[in-house]
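*Asks:* from the sequence below, what's the structure:
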Amino acid sequence: MKYVIIGASAAGIHAAKTLRNLDRDGQITVVSQDEKIISRCMLHHAISGKRDEKALAFVEEDWVQRYNVKWLKGTTVAEVSVSSQEIILDDGNRISYDKLLIASGAEAILPPVRGLKDGNNIFTLRNLKDVRKIISAIDAGKSAVVIGGGLIGIDASMALLEKNISVTIVEMANRILPLQLDCIASHRYKELLEEKGAVVCKGVSVVEVERREKRNTVKLNNDTAIQCDMIIVAAGVKPNKAFIDSEELKVEKGIRVNEKMETTIPNIYAAGDVTGKSAIWPAAVKQGIVAASNMAGVEKYYEDYFTEKNALNVWGLKTISLGLIDPPDETYRVEVFGDTDVYKKIIHKNNVIYGLIFQGDISRIGFWSHLIKEKIVIDFPYEDIFSLQYADFYKIDSIGNYVTSINHNKVFV
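*Replies:* Okay, the predicted model is just below:
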């Protein structure tokens, strides 16, 4: 069996390892534009100097030999020929496959802002090339505008601040980290960033960038003008799928897949950011494992229990958000606990928890994750819901057996 994997990040690498564990004799070829296998989640640490490039790796140095994989690094896929079951590389070489996994990830979006492409030191943050360019610009610059206050934008801002760069964050939403946090949890991070010297502009957008020699003037839609030496664009990503031009492949936000990670084309699978599903590392890993299992003939299904699952740690302030971060309508109820250092919020409906945000104290998050995943029914209002623990769901009957003590439709395993 000939397996080909496009992409060498979370989904692709874990797929390759899974394939080898399931098929000791199959040929596994991994093709990637990247020349090093690194965790994109850690790129900002290379900018700040906390880690060198080698420390960004998430695989063993000898992984190619250990898993008997052929790795074509620094290589671009120009086309996938569905009819002949081949991938065509940018140098014209062809590689045939029996099973193909597309795990090519995503690429940064450059918003259609007048003058942005012609600005001085315009960067995204997706790979090591971006990191190296940003580090070079830091050596010669003193100020930066970060377009986008999501996860990548905040990571980039932290790294720049730690290098004593003046940072202005521009976010269109009414808060930073709008997809991950509600207003209260987000505000705590805004305060932290401002304490470190950042300027956070919410509810505004960039309308124009003017280059003046080696500097930029960034104009916002509220008539504010910001001078800076560099601009980091963190305004979102799109699936990296330009090499596929087939009407058979159905694409929505990303490449459409079923629970087996199969696409609409036989023998082609997809996993990770290219699917447009939850763009977090653990999800990509699971998708890669599921795809590889099915490629090798071992039936496995991917279950996405949470619309969103995020873990953040900004200068020691830890936060976990699972599922809903705000109630979508008035039929949902909200429970809140808060003090100086801790903020907790639970969203529930019909006695089932659909989302939570825990900030400052993320202990027992596995327990809460289980409640949401299994849709455990809880008798609300429950006295001090935030002190719930496994023991609350059981009691000992007259003959010494554990039995459920709260009426619910699932039993813990």
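*Asks:* drop to CA atoms for contacts and neighbour counts, all remaining ones
*Replies:* Noted.
*Asks:* neighbours around residue 293, how many?
*Replies:* Residue 293 has 22 neighbours, counted by other Cα atoms under 10 Å.
*Asks:* so it touches residue 18, yeah?
*Replies:* Yes: using Cα atoms under 8 Å, residue 293 is in contact with residue 18, at 6.8 Å.
*Asks:* and after the top helix by length along the chain, which helix or strand comes next?
*Replies:* Taking DSSP state H as the criterion, the chain has its longest helix at helix 281-295. As assigned by DSSP states H and E, the chain's next helix or strand after helix 281-295 is strand 309-314.
*Asks:* any idea how far the helix or strand just after that following strand is from the chain center?
*Replies:* Counting by DSSP H and E, the next helix or strand C-terminal to strand 309-314 is strand 317-323. Relative to its chain's centre, strand 317-323 lies at 14 Å (Cα atoms, centre = their mean, to the nearest Å).
*Asks:* the helix or strand that comes right after strand 317-323 pairs with which strands, and in what direction?
*Replies:* Once the chain leaves strand 317-323, the next helix or strand it forms, by DSSP H and E, is strand 333-338. Looking at strand 333-338 with DSSP bridges, its partner strands are strand 343-349 (antiparallel).
*Asks:* where in the stretch 201-350 of the chain is pLDDT low?
*Replies:* The model of the stretch 201-350 of the chain has pLDDT under 70 over residues 305-307.
*Asks:* got the buried residues for the longest helix of the chain?
*Replies:* 281, 283-295 (16 or more other Cα atoms under 10 Å).
*Asks:* how about stretch 77-88?
*Replies:* Buried, per 16+ other Cα under 10 Å, within stretch 77-88: 77-82, 85-88.
*Asks:* over to residue 370. Which of the three states is it?
*Replies:* Residue 370 falls in the helix class when you classify it by DSSP: H, G, I helix; E, B strand; the rest coil.
*Asks:* any idea how far residue 358 is from residue 366?
*Replies:* Applying Cα to Cα, to the nearest Å, the value for residue 366 to residue 358 is 12 Å.
*Asks:* same drill for the two, tell me which one is more crowded.
*Replies:* More crowded of residue 366 and residue 358, by other Cα under 10 Å: residue 358, with 24 against 9.
*Asks:* the more buried one is in what secondary structure piece?
*Replies:* With DSSP H and E as the criterion, residue 358 is inside strand 352-359.
*Asks:* contacts for that strand?
*Replies:* By Cα atoms under 8 Å, 6 or more residues apart in numbering, the residues outside strand 352-359 that reach it are 181, 185, 317-325, 342-348, 371-372, 375-378.
*Asks:* kindly recompute the last result at 6 Å.
*Replies:* Counting by Cα atoms under 6 Å, 6 or more residues apart in numbering, strand 352-359 makes contact with 318-324, 342-348, 372, 375, 377, all of which sit outside it.
*Asks:* what about that strand, distance to the chain center?
*Replies:* 19 Å.
*Asks:* what angle sits between that strand and strand 333-338?
*Replies:* 20 degrees (axes from the mean of the first three to the mean of the last three Cα atoms, to 10 degrees).
*Asks:* what's the angle between strand 352-359 and strand 317-323?
*Replies:* Using the same axes, to 10 degrees: strand 352-359 against strand 317-323 is 160 degrees.
*Asks:* export strand 352-359 to PDB, keeping only CA atoms.
*Replies:* Output of strand 352-359 as PDB, limited to C-alpha atoms (Å, rounded to 0.1, in the frame of the first residue of the first chain):
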ATOM      1  CA  VAL A 352     -27.200  20.100  30.700                       C
ATOM      2  CA  ILE A 353     -24.000  22.200  30.600                       C
ATOM      3  CA  TYR A 354     -23.100  23.400  27.100                       C
ATOM      4  CA  GLY A 355     -20.100  25.600  27.800                       C
ATOM      5  CA  LEU A 356     -17.800  27.100  30.400                       C
ATOM      6  CA  ILE A 357     -15.000  29.600  31.000                       C
ATOM      7  CA  PHE A 358     -12.600  29.000  33.900                       C
ATOM      8  CA  GLN A 359     -10.000  31.700  34.500                       C
END
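*Asks:* perfect, that will be all.
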